[in-house]
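A.B. asks: Quick one, structure for this:
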Amino acid sequence: MRILLVEDDAEVGRFVRKGLQEAGHTVEHTTNGRDGLFMAAGESFDLLVLDRMLPGGVDGVRLVETLRGQGNHTPVLFLSAMSGVDERVKGLKAGGDDYLVKPFAFAELLARVEALGRRPAVDAPATRLKVADLELDLLSRTVTRAGKKIDIQPREFRLLEHLMRHAGQVVTRTMLLEKVWDYHFDPQTNVIDVHVSRLRQKLDKGQDRPLIHTVRNAGYMIRAEP
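C.D. replies: Sure thing, here's the model as predicted:
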């Protein structure tokens with residue numbers, strides 16, 4: 001399975017990640033709730049393993065509530081030192097599927113992970129993204145606007161996909177560098193601006209309404225409204 005681990009304790013994070021990888025799973029690890037929410041909402045995972053208490057302004061409960069509100073039904077296993085019945089109930093009511101109290105034996109964690117992985121998926125992942133009259137097909141790798149096909153380059157496709165997965169939200173330059181260019185540093189170039197400009201020209205040619213908007217001092221947003 002492809003698993004997202006959101007755990008701010010470095011030692012616990014290394015322990016869990018190593019064990020899951022040795023069991024044959026692919027693990028992405030982040031240490032705060034904000035990045036965890038961003039990754040869980042924008043990428044496809046088979047399972048989320050979340051600490052209850054997280055830095056970044058988004059704790060585990062809020063993270064899951066947000067995902068469920070967006071229609072994301074990826075199974076969630078909470079890890080927490082908060083062992084009270086009320087706390088466990090709160091996590092499960094927020095949308096968690098299981099709850100494991102720290103400290104725990106890795107064998108139990110793995111058994112719970114694999115049990116959640118055996119559950120049938122609630123629904124198939126989306127294969128088509130749509131904003132206004134713009135459609136992106138993830139299977140055929142095609143883009144159309146108002147029924148007219150638009151030819152774009154692979155990098156432009158990744159850029160557009162990322163913007164559309166976060167429609168109505170500001171996507172920062174840092175997010176685009178990491179998710180579209182796989183840079184984890186700022187190369188101090190205008191590569192993003194150039195690609196966004198080219199993409200705009202292709203999407204808006206012959207159209208009355210632009211879809212990609214610049215949010216000053218923040219980043220970019222794609223939305224249906226002007």
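
A.B. asks: how about Pro210, phi and psi?
C.D. replies: Main-chain dihedrals, Pro210, degrees, to the nearest 10: phi -70, psi 150.

A.B. asks: I figured it hits Arg200, correct?
C.D. replies: Yes: counting by Cβ atoms under 8 Å, Pro210 touches Arg200, with 6.7 Å between them. The way it works is simple: take the backbone N, C-alpha and C, and place the C-beta from them, glycine included.

A.B. asks: so who does Val6 touch?
C.D. replies: Contacts for Val6 were tallied using Cβ atoms under 8 Å, 6 or more residues apart in numbering; they are 29-33, 35-36, 40, 48-51, 54, 60, 63.

A.B. asks: Correction: the previous question concerned Val113.
C.D. replies: By Cβ under 8 Å, 6+ apart, the neighbours of Val113 are 1, 3, 20, 25, 47, 49, 77.

A.B. asks: Which element, helix or strand, includes it?
C.D. replies: Per DSSP states H and E: Val113 is located in helix 106-117.

A.B. asks: Quick one: name whatever helix or strand follows that helix.
C.D. replies: Scanning forward in sequence from helix 106-117 by DSSP H and E, the next helix or strand is strand 128-131.

A.B. asks: If you count neighbours, what's buried in that following strand?
C.D. replies: Going by neighbour count (16 or more other Cβ atoms under 10 Å), the buried part of strand 128-131 is 129, 131.

A.B. asks: That strand: partners in the sheet, and parallel or antiparallel?
C.D. replies: strand 134-137 (antiparallel) (DSSP bridges).

A.B. asks: what about dumping the CA coordinates of the helix or strand that comes right after the partner strand to CSV?
C.D. replies: Reading on from strand 134-137 to the C-terminus, the next helix or strand found by DSSP H and E is strand 142-145. C-alpha atoms of strand 142-145 as CSV (Å, rounded to 0.1, in the frame of the first residue of the first chain):
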residue,chain,number,x,y,z
THR,A,142,-6.0,15.2,-22.3
VAL,A,143,-7.3,18.6,-21.6
THR,A,144,-10.4,20.3,-23.1
ARG,A,145,-12.1,23.6,-22.6
